[in-house]
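# Here is my input, please return the structure:
(one chain, ligands or ions: 1)
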Amino acid sequence: MMTGALIGLVFGSFVTMLSYRLPRNMSTISPSSHCPKCKANLKPIDLIPVFSWVFSGGKCRYCHNPISVRYPIIEIVTAVLCAIAFVITGFSFSLVLALMIIVAGVTAATIRLEKWRKK
Ligand SMILES: [Zn+2]
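Purely as a prediction, here's the structure:
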């Protein structure tokens, strides 16, 4: 189950990246992750899902602008869903399918919520 949650955290940070870049027509491959405020390139240590956010107090380490709480929330939601999927399916082809559905579903839900909030 912990394995499922850890995989989920990795996928969760992928989801936050997708849900930020897709509606803005940005490349999902490059540039590498950076702070939207100060454009500082983020190092791997800044990209540990949830933990980086908690240890930095929800702020960018470089410009100290607050980072939206939605990032760790999305990561936790994805991790929980993946842990559940892992418990149900174990290491199997079904797990791969479940992970794809979770990533697509959480990304779509996040983009919807963001658009809805702007209205
Ligand atoms: Zn910054």
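# From now on I want contacts and neighbour counts done on CA atoms only, so please keep to that.
Will do.
# Residues of the protein that sit close to the ion?
When proximity is defined as CA under 5 Å from the ion, the chain approaches the ion at 35, 38, 60, 62-63.
# quick one, longest helix in this protein?
helix 93-118 (DSSP state H).
# tell me which residues in that helix are buried?
Buried positions in helix 93-118, judged by neighbour count with 16 or more other CA atoms under 10 Å: 95, 98-99, 102-103, 106-108, 110-111.
# Which strand or helix spans the residue nearest to the spatial centre of the chain?
Nearest to the mean C-alpha position of the chain, by CA atoms, centre = their mean, lies S13 at 2.7 Å. Element membership of S13, judged by DSSP states H and E, is helix 2-21.
# Residues contacting that helix, please?
27-28, 47, 49-50, 71, 74-87, 103, 106-108, 110-111 (CA atoms under 8 Å, 6 or more residues apart in numbering).
# Contacts only, for the nearest residue to L22 once chain neighbours are set aside.
Closest residue to L22 apart from its sequence neighbours, by CA to CA, 6 or more residues apart in numbering: T28 at 7.4 Å. Contacts for T28 (CA under 8 Å, 6+ apart) come out as 17-18, 21-22.
# got it, and L81?
8, 102.
# and the gap between it and the ion?
30 Å (CA to the ion, to the nearest Å).
# Flag every buried residue along the strand or helix carrying that residue.
Assessed by DSSP H and E, L81 sits inside helix 70-89. Across helix 70-89, burial judged by 16+ other CA under 10 Å covers 71-72, 74-87.
# Of all those, the one with the weakest confidence?
Across the set of the buried residues of helix 70-89, Y71 stands lowest in pLDDT, at 88.
# show me the contacts for it.
Per CA under 8 Å, 6+ apart, neighbours of Y71: 13, 16, 50.
# Look at the second one and report its pLDDT.
pLDDT, the model's per-residue confidence, is 90 for T16.
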